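K.L.:
Quick one: sequence and predicted model below, then my questions.
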Amino acid sequence: MATTKGVRIWAMAALMGYMLCACGYRDTSNSVVKKIVYHDTIYKDSFIVEKLKTDTVYFDSKWLRKLFETAKWEKWRNYKDSIAVEYPEFMKYMPDSWERKLHVEYHGISMLAVAYDDESDMPVLEKYEAVNMGAVTKSVNQNSFLLAGSVGDRNLFFEKDIKLKNKKWLYLRVEFPSELTWAIDPLLQYVLDYQVSFLLFAGDS
């Protein structure tokens, strides 16, 4: 029969193990190198949303929300179209980015900002009608429109398309796992509220 002291030690060890999982344990040992995958297991409001059979780092939606709320933002400058877009600095700048395209990612969350030329000079409403078929949620404004819907089985997208001038357009698009909608709301709000920021000259900061 276990002693009271033994039971107490076992209970403390179990509690510490649970806290390490729930609060974001990171192995700081230099002897073992592990590949960290963040979205294999996600805790949301103390319930397991999804669990796969791989090693993972655990965190909850409040932790991720705080990360987006407190992030410093980097500015991406598109000098060809004289516009700027910002993104959280912890998101990784992807190699397929170029002069008119920004692509950043963070463990399954991606953000795109793409400027392009359309062959025809469509009014905003006409363009909106042409591209909104796959969207579940949509709305149109004087010089922009919003689209939101599904991408594949478990991802969602949120997009803002803006007519810059004549045949020139810009769209901002975020794709993310559906269970992270609340957690990345600050990024979605940035896209929703974005107004074109024009650069004044080539060295504009």
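P.N.:
Perfect, thanks for sending it. Being a predicted model, the structure only gives us computed values, none of them experimental.
K.L.:
Going by neighbour count, list what's buried in stretch 61-70.
P.N.:
Across stretch 61-70, burial judged by 16 or more other C-beta atoms under 10 Å covers 61, 64-65, 67-68. No exception for glycine: its C-beta is placed from N, CA and C like everyone else's.
K.L.:
Where do the helices of this structure begin and end?
P.N.:
4-22, 61-70, 124-131, 185-193 (DSSP state H).
K.L.:
mean pLDDT for those: which is lowest?
P.N.:
The minimum mean pLDDT among the helices of the chain belongs to helix 4-22 (a mean of 39).
K.L.:
Check what pLDDT residue 102 gets.
P.N.:
Per-residue confidence (pLDDT) for residue 102: 98.
K.L.:
Contact partners for residue 86?
P.N.:
73-76, 190 (C-beta atoms under 8 Å, 6 or more residues apart in numbering).
K.L.:
Okay, and the beta partners of the closest residue to residue 93 other than its chain neighbours?
P.N.:
Using C-beta to C-beta, 6 or more residues apart in numbering and skipping residues adjacent in sequence, the residue nearest residue 93 is residue 104, 5.6 Å away. When bridges are called by DSSP bridges, residue 104 pairs up with residue 93, residue 111.
K.L.:
before we move on, the earlier item: return the member of the contacts of residue 86 nearest to residue 166.
P.N.:
The closest of those to residue 166 turns out to be residue 76 (C-beta to C-beta; 23.0 Å).
K.L.:
Tell me how far the closest one lies from residue 115.
P.N.:
Separation of residue 76 from residue 115 (C-beta to C-beta, to the nearest Å): 11 Å.
K.L.:
Provide the count of other residues in contact range of the spatially closest residue to residue 197 that is not a sequence neighbour.
P.N.:
If the residues on either side of it in the chain are set aside, residue 197 comes closest to residue 84, at 4.5 Å by C-beta to C-beta, 6+ apart. By the measure other C-beta atoms under 10 Å, the count of residues near residue 84 is 18.
K.L.:
from what I can see residue 84 touches residue 78, true?
P.N.:
Yes - the criterion here is C-beta atoms under 8 Å, and residue 84 meets it with residue 78 at 7.1 Å.
K.L.:
Need the overlap of contacts for those two.
P.N.:
Shared contacts of residue 84 and residue 78 (C-beta under 8 Å, 6+ apart): residue 199.
K.L.:
quick revisit: could I get the buried residues of stretch 61-70 as a markdown table with distance to residue 195?
P.N.:
Output for the buried residues of stretch 61-70, formatted as a markdown table (distance: C-beta to C-beta, whole Å):
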| residue | distance to residue 195 |
| --- | --- |
| 61 | 28 |
| 64 | 26 |
| 65 | 24 |
| 67 | 25 |
| 68 | 20 |
